[in-house]
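Student: Have a look at this prediction, sequence included:
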Amino acid sequence: LVDGSGSLVPANWVAFDTRLMGLRHNNGTLVAGETWGLAQSCNGMGGVWGDCNGLTHNVVRYDSPTFAGFSVSASWGEDDMWDIAGRYSGEHHGVKIAIAAAYNELTDSNYNNLTHALRSVLPDHQYFQIGGMVKHLASGLWVHGTFGKEFVDATAVSGPIVHDTAGWYVKAGWTGKLNSLGNTHFYGEYGGNKDGSVSYTP
C-alpha cells in the first residue's frame with residue numbers, strides 16, 4: 001500500500017469497480033454467465049487483475065524494525081503459503097518516495113478460493129509485485145505505478161487453459177487544498193492485464 005495519492009479506494013489497480021461487469025463478444029452479445037472478475041482474476045489467490053496475494057490468510061508474520069526508511073516482512077501458514085516483502089519510504093529534496101516489492105508462493109491443494117478453471121487441480125502459484133509512488137510536496141504533483149506477475153504451475157483438468165497473468169497500473173495527478181474542508185485530488189488512471197485464468201474466442 002504505497003499509494004499515498006488520497007484516491008486509493010476509488011482508483012486502485014485491484015479492479016473492485018469492474019469485477020461484476022459482464023463480458024461481451026465482438027458482436028456485442030454478452031458471454032453467458034461470465035464477468036470480468038471471473039475472466040481476468042488471479043488464479044485462486046484473490047484479487048482482480050492485480051494484488052494476487054491480497055486475501056487474508058491464517059499465517060504467522062514477522063515485521064522488522066525500520067532502518068533509514070527500509071523494512072522487511074515475512075509470513076508463513078495455510079499449509080502452505082509464504083511470502084516476503086521489502087519496503088522503503090523517505091523524503092529527499094522535497095520529494096516523497098515510497099516503494100514496496102513482494103514475492104509469494106501458494107501450494108495448498110485445499111485452498112477454497114479457486115477459480116472455476118482450477119477447482120480440481122493442485123494449485124502451485126508464485127506471485128511477484130512491485131509498486132511505487134513519487135510526490136513533489138511543494139507542487140502537489142504525484143505519480144503512482146504498480147506491476148504484478150503471477151506464475152501458474154498447473155493445468156486445468158477440463159475447460160480453458162490456465163495462463164500466467166501479468167498486470168500493470170499507473171495513476172498520476174495533483175493534490176491541493178482548495179478550501180477548508182480538506183484536500184482535493186485530481187487524477188487520471190490507466191491499467192492493463194495480459195492473459196488470465198480463462199480464455200475466450202470472440
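Tutor: Arrived safely.
Student: the strands in the chain, which residues?
Tutor: With DSSP state E, the ranges of strands along the chain come out as 22-24, 30-35, 59-63, 70-77, 81-92, 95-106, 125-136, 141-152, 165-179, 182-194.
Student: Where does the prediction get shaky in this structure?
Tutor: Across the chain, the stretches falling below the confidence threshold (pLDDT under 70) are 38-41, 43-48, 108-123, 153-163, 195-202.
Student: ok now do the residue nearest the centre of the chain, which residues does it touch?
Tutor: Closest residue to the average C-alpha location of the chain: residue 51 at 2.0 Å, with Cα atoms, centre = their mean. Applying Cβ atoms under 8 Å, 6 or more residues apart in numbering, we find residue 51 in contact with 13-14, 42, 129, 148. Any C-beta I mention is one placed from the backbone N, CA and C, and that applies to glycine too.
Student: Which one of the residues you listed is nearest to residue 183?
Tutor: Distance ranking of the contacts of residue 51 against residue 183, using Cβ to Cβ, places residue 13 first at 21.4 Å.
Student: To what extent is the closest one buried, counted in neighbours?
Tutor: For residue 13, the count of nearby residues is 25 (other Cβ atoms under 10 Å).
Student: Same question for residue 91.
Tutor: Residue 91 has 12 nearby residues by other Cβ under 10 Å.
Student: sorry, back to before: can you tell me which of the strands of the chain comes nearest to residue 1?
Tutor: Between the strands of the chain, strand 95-106 lies closest to residue 1; by Cβ to Cβ that is 7.6 Å.
Student: Not counting its own residues, what contacts that closest one?
Tutor: 1-2, 4, 44-45, 52-53, 78, 80-91, 123-137.
Student: Stretch 63-76 now?
Tutor: Around stretch 63-76, the neighbours that count as contacts under Cβ under 8 Å, 6+ apart are 57, 59-62, 81-90.
Student: Can you name the two of the residues you listed that sit furthest apart?
Tutor: 81 and 90 (30.4 Å).
Student: More neighbours: these two, which one.
Tutor: residue 81 (21 against 12).
Student: Tell me the bridge partners for the closest residue to the more buried one other than its chain neighbours.
Tutor: Of all residues beyond its chain neighbours, the one nearest residue 81 is residue 106 (4.8 Å), with distances taken as Cβ to Cβ, 6 or more residues apart in numbering. With beta bridges defined as DSSP bridges, residue 106 has these partners: residue 81, residue 125.
Student: count of residues packed around residue 28?
Tutor: By the measure other Cβ under 10 Å, the count of residues near residue 28 is 6.
Student: what residue of this structure is the furthest out?
Tutor: In terms of distance from the mean C-alpha position of the chain, residue 180 ranks first, at 33.8 Å (Cα atoms, centre = their mean).
Student: residues contacting the closest residue to residue 143 other than its chain neighbours?
Tutor: Closest residue in space to residue 143, ignoring its immediate chain neighbours: residue 172 at 4.3 Å, by Cβ to Cβ, 6+ apart. By Cβ under 8 Å, 6+ apart, the residues touching residue 172 are 141-144, 187-188.
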